[in-house]
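Generate a structure from the sequence data that follows.
(one chain, ligands or ions: 1)
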Amino acid sequence: MNAMERVCAFLDEAQTYYLATVEGDQPRVRPFGTILLYKGRLYIETGKVKNVSKQIAANPKVEICAFKDGTWLRVAGELADDEDRGAKVAMLEKMPDLKAIYSPDDGNMQMLYFKSAVATFSSFTAAPETVTF
Ligand SMILES: Cc1cc2nc3c(=O)[nH]c(=O)nc-3n(C[C@H](O)[C@H](O)[C@H](O)COP(=O)(O)O)c2cc1C
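Below is the predicted model:
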(Lines give C-alpha, C1' and ligand atoms only; values in the text may rest on other atoms or scores of the structure.)
Protein backbone atom coordinates (compact mmCIF):
# COMPACT_ATOMS: atom_id res chain seq x y z
CA MET A 1 0.00 0.00 0.00
CA ASN A 2 1.39 3.43 -0.87
CA ALA A 3 0.98 6.47 1.40
CA MET A 4 -2.25 7.68 -0.19
CA GLU A 5 -3.81 4.20 -0.11
CA ARG A 6 -2.90 3.84 3.55
CA VAL A 7 -4.45 7.18 4.45
CA CYS A 8 -7.60 6.40 2.46
CA ALA A 9 -7.97 2.96 4.07
CA PHE A 10 -7.59 4.45 7.55
CA LEU A 11 -10.24 7.10 6.85
CA ASP A 12 -12.57 4.50 5.33
CA GLU A 13 -12.29 2.36 8.43
CA ALA A 14 -12.61 5.29 10.85
CA GLN A 15 -15.78 6.30 8.91
CA THR A 16 -15.80 9.80 10.38
CA TYR A 17 -13.01 12.37 10.34
CA TYR A 18 -12.98 15.99 11.39
CA LEU A 19 -12.11 18.63 8.81
CA ALA A 20 -10.59 21.89 10.00
CA THR A 21 -10.52 25.02 7.90
CA VAL A 22 -9.60 28.58 8.71
CA GLU A 23 -11.81 31.62 8.44
CA GLY A 24 -9.69 34.69 9.04
CA ASP A 25 -8.03 33.93 12.36
CA GLN A 26 -10.79 31.56 13.48
CA PRO A 27 -10.38 27.77 13.12
CA ARG A 28 -13.56 25.94 12.00
CA VAL A 29 -14.08 22.20 12.33
CA ARG A 30 -16.86 19.74 11.46
CA PRO A 31 -17.41 16.02 10.91
CA PHE A 32 -16.90 14.63 7.40
CA GLY A 33 -17.04 11.13 5.98
CA THR A 34 -16.50 11.34 2.23
CA ILE A 35 -13.19 9.95 1.03
CA LEU A 36 -12.18 8.56 -2.36
CA LEU A 37 -8.97 7.55 -4.05
CA TYR A 38 -9.50 8.21 -7.76
CA LYS A 39 -6.87 8.32 -10.49
CA GLY A 40 -4.07 8.81 -8.00
CA ARG A 41 -5.73 11.63 -6.09
CA LEU A 42 -7.32 11.61 -2.63
CA TYR A 43 -10.70 13.37 -2.73
CA ILE A 44 -13.23 14.62 -0.24
CA GLU A 45 -16.68 15.89 -1.20
CA THR A 46 -18.81 18.80 -0.08
CA GLY A 47 -21.48 21.22 -1.27
CA LYS A 48 -20.53 24.58 -2.75
CA VAL A 49 -23.34 26.22 -0.77
CA LYS A 50 -21.69 25.32 2.55
CA ASN A 51 -19.54 27.64 4.61
CA VAL A 52 -16.81 25.00 4.60
CA SER A 53 -16.61 25.29 0.79
CA LYS A 54 -16.38 29.08 0.97
CA GLN A 55 -13.64 28.86 3.58
CA ILE A 56 -11.61 26.47 1.42
CA ALA A 57 -12.07 28.76 -1.60
CA ALA A 58 -10.62 31.65 0.40
CA ASN A 59 -7.87 29.55 1.99
CA PRO A 60 -7.28 25.99 0.72
CA LYS A 61 -5.14 24.96 3.69
CA VAL A 62 -6.95 22.35 5.79
CA GLU A 63 -6.23 19.64 8.30
CA ILE A 64 -8.21 16.51 8.96
CA CYS A 65 -8.11 14.26 11.99
CA ALA A 66 -9.54 10.78 12.58
CA PHE A 67 -9.17 8.25 15.39
CA LYS A 68 -9.39 4.46 15.17
CA ASP A 69 -8.16 1.57 17.34
CA GLY A 70 -5.76 3.64 19.44
CA THR A 71 -4.24 5.47 16.48
CA TRP A 72 -5.01 8.96 15.30
CA LEU A 73 -4.26 10.30 11.86
CA ARG A 74 -3.79 13.91 10.95
CA VAL A 75 -3.56 15.02 7.34
CA ALA A 76 -2.44 18.60 6.77
CA GLY A 77 -2.41 19.98 3.28
CA GLU A 78 -3.87 22.06 0.55
CA LEU A 79 -7.03 21.19 -1.35
CA ALA A 80 -7.80 21.88 -4.98
CA ASP A 81 -11.20 21.94 -6.65
CA ASP A 82 -11.80 19.40 -9.44
CA GLU A 83 -14.84 19.56 -11.73
CA ASP A 84 -13.99 16.15 -13.30
CA ARG A 85 -17.36 14.49 -13.74
CA GLY A 86 -15.81 11.04 -13.48
CA ALA A 87 -14.58 11.83 -9.99
CA LYS A 88 -18.09 12.89 -8.92
CA VAL A 89 -19.64 9.74 -10.39
CA ALA A 90 -17.01 7.58 -8.66
CA MET A 91 -17.73 9.24 -5.30
CA LEU A 92 -21.47 8.67 -5.66
CA GLU A 93 -20.84 5.02 -6.59
CA LYS A 94 -18.59 4.49 -3.57
CA MET A 95 -20.93 6.31 -1.16
CA PRO A 96 -24.44 5.84 -2.60
CA ASP A 97 -26.16 7.54 0.35
CA LEU A 98 -24.84 10.80 -1.12
CA LYS A 99 -27.13 10.36 -4.11
CA ALA A 100 -30.02 11.58 -1.93
CA ILE A 101 -28.31 14.97 -1.67
CA TYR A 102 -25.93 15.36 -4.62
CA SER A 103 -25.67 14.62 -8.30
CA PRO A 104 -22.81 15.36 -10.72
CA ASP A 105 -24.65 18.12 -12.55
CA ASP A 106 -26.46 19.84 -9.69
CA GLY A 107 -24.06 22.80 -9.63
CA ASN A 108 -23.48 22.14 -5.93
CA MET A 109 -21.51 18.90 -5.63
CA GLN A 110 -17.85 19.73 -5.13
CA MET A 111 -14.87 17.39 -5.29
CA LEU A 112 -11.69 18.56 -3.62
CA TYR A 113 -8.39 16.67 -3.68
CA PHE A 114 -5.19 17.04 -1.74
CA LYS A 115 -2.66 18.81 -3.95
CA SER A 116 -0.06 18.07 -1.30
CA ALA A 117 -0.34 16.53 2.13
CA VAL A 118 1.64 15.55 5.19
CA ALA A 119 -0.05 12.67 6.99
CA THR A 120 0.99 11.60 10.47
CA PHE A 121 -0.12 8.43 12.25
CA SER A 122 0.23 8.77 16.05
CA SER A 123 -0.44 6.63 19.09
CA PHE A 124 0.51 6.52 22.75
CA THR A 125 2.55 3.38 22.16
CA ALA A 126 4.67 4.05 19.09
CA ALA A 127 6.68 6.87 17.54
CA PRO A 128 4.71 9.04 15.11
CA GLU A 129 4.98 8.03 11.48
CA THR A 130 4.80 10.65 8.77
CA VAL A 131 4.07 10.06 5.10
CA THR A 132 3.64 12.61 2.34
CA PHE A 133 1.87 12.65 -0.98
C1 LIG B 1 -20.79 11.67 10.28
C2 LIG B 1 -20.92 12.87 9.38
C3 LIG B 1 -20.27 12.90 8.17
C4 LIG B 1 -20.40 14.02 7.32
N5 LIG B 1 -19.73 14.04 6.13
C6 LIG B 1 -19.81 15.13 5.33
C7 LIG B 1 -19.07 15.18 4.11
O8 LIG B 1 -18.30 14.28 3.75
N9 LIG B 1 -19.20 16.29 3.35
C10 LIG B 1 -19.99 17.34 3.72
O11 LIG B 1 -20.05 18.34 3.00
N12 LIG B 1 -20.70 17.32 4.87
C13 LIG B 1 -20.62 16.25 5.68
N14 LIG B 1 -21.32 16.22 6.86
C15 LIG B 1 -22.12 17.40 7.22
C16 LIG B 1 -21.26 18.55 7.70
O17 LIG B 1 -20.57 18.20 8.89
C18 LIG B 1 -22.12 19.79 7.95
O19 LIG B 1 -22.80 20.15 6.77
C20 LIG B 1 -21.31 20.97 8.45
O21 LIG B 1 -22.17 21.92 9.04
C22 LIG B 1 -20.50 21.64 7.32
O23 LIG B 1 -19.63 22.61 7.86
P24 LIG B 1 -19.97 24.19 7.76
O25 LIG B 1 -21.25 24.40 8.54
O26 LIG B 1 -18.80 24.87 8.36
O27 LIG B 1 -20.15 24.51 6.30
C28 LIG B 1 -21.21 15.12 7.71
C29 LIG B 1 -21.87 15.07 8.94
C30 LIG B 1 -21.73 13.97 9.76
C31 LIG B 1 -22.47 13.98 11.08
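
For the rest of this, base every contact and every neighbour count on C-alpha atoms.
OK.

Up against the ligand, what does the chain have?
Proximity of the chain to the ligand, by C-alpha under 6 Å from any ligand atom, involves residues 16, 30-34, 45-47, 50-52.

One more pass at 5 Å, please.
Residues of the chain lying near the ligand by C-alpha under 5 Å from any ligand atom: 30-34, 46, 50-52.

contacting residues for the most centrally placed residue in the chain?
Taking C-alpha atoms, centre = their mean, the centroid of the chain lies closest to Ile44, which sits 3.8 Å from it. Contact analysis of Ile44 by C-alpha atoms under 8 Å, 6 or more residues apart in numbering lists 34-36, 111-113.

Pairing partners for the helix or strand containing it, with directions?
In the assignment (DSSP states H and E), Ile44 maps to strand 41-47. In the sheet, strand 41-47 lines up against strand 36-38 (antiparallel), strand 109-123 (antiparallel) (DSSP bridges).

Show the subsequent helix or strand relative to it.
helix 51-58.

how far off strand 41-47 does that following helix point, in degrees?
If you take axes from the mean of the first three to the mean of the last three C-alpha atoms, to 10 degrees, helix 51-58 sits at 130 degrees to strand 41-47.

what about helix 51-58, average pLDDT?
Helix 51-58 shows a mean pLDDT of 98.

and it, what does it pack onto?
Helices and strands touching helix 51-58, by 3 or more C-alpha pairs under 8 Å, 6 or more residues apart in numbering; DSSP states H and E, are strand 17-23.

Can you report how many residues lie near the closest residue to Asn59 other than its chain neighbours?
Using C-alpha to C-alpha, 6 or more residues apart in numbering and skipping residues adjacent in sequence, the residue nearest Asn59 is Val22, 7.0 Å away. By other C-alpha atoms under 10 Å, 18 other residues sit near Val22.

Surely Val22 touches Arg30?
No: applying C-alpha atoms under 8 Å, one finds Val22 not in contact with Arg30, separated by 11.8 Å.
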